[in-house]
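1. sequence first, predicted coordinates after that:
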Amino acid sequence: MSLSIENVNRIAWLARLAIDADKVEAYAHDLSGILDFVARLEDVDTSAVKPMAHPLEQIQRLRPDLPTEPDQRQHFQRIAPRVEAGLYLVPKVIE
């Protein structure tokens with residue numbers, strides 16, 4: 001797919017990008033090459049390819065889900081200005 005200078009200027013305007021007038025032709029060439037490559041990729045039959053999250057067969061190492069800090073809820077609620085039924089009460093803010 002070949003992009004014209006008008007196409008590149010339109011894309012730049014939509015993306016809110018400023019492109020120097022002397023570089024528009026180079027951008028048109030580069031973007032046309034990228035779009036041609038994508039078109040070639042679309043022609044490849046990938047129906048037998050199994051989807052994967054990573055190209056290498058690696059197993060995610062997970063750490064045990066254990067608490068790393070002590071529970072200080074009671075301590076914090078004792079020093080809080082207002083608490084009711086285990087909840088912190090804050091002033092109502094209406095704008």
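-> That came through, no problem. Numbering: from 1, shown residues only.
2. tell me where the protein has strands.
-> Secondary structure of the chain (DSSP state E): strands located at 83-84, 87-88.
3. for residue 22, find the nearest of those strands.
-> strand 87-88 (61.2 Å; C-beta to C-beta). The way it works is simple: take the backbone N, C-alpha and C, and place the C-beta from them, glycine included.
4. sheet partners, orientation included, of the closest one?
-> Sheet pairing of strand 87-88 (DSSP bridges) gives strand 83-84 (antiparallel).
5. picking that back up, turn the strands of the chain into TSV, including mean neighbour count, distance to residue 51 and mean pLDDT.
-> Output for those, formatted as TSV (neighbours: other C-beta atoms under 10 Å; distance: least, C-beta to C-beta, whole Å; pLDDT from 0 to 100):
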stretch	mean neighbour count	distance to residue 51	mean pLDDT
strand 83-84	10	50	94
strand 87-88	10	44	94
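6. out of those strands, which is closest to residue 17?
-> Nearest to residue 17 among the strands of the chain is strand 87-88; the distance by C-beta to C-beta comes to 47.1 Å.
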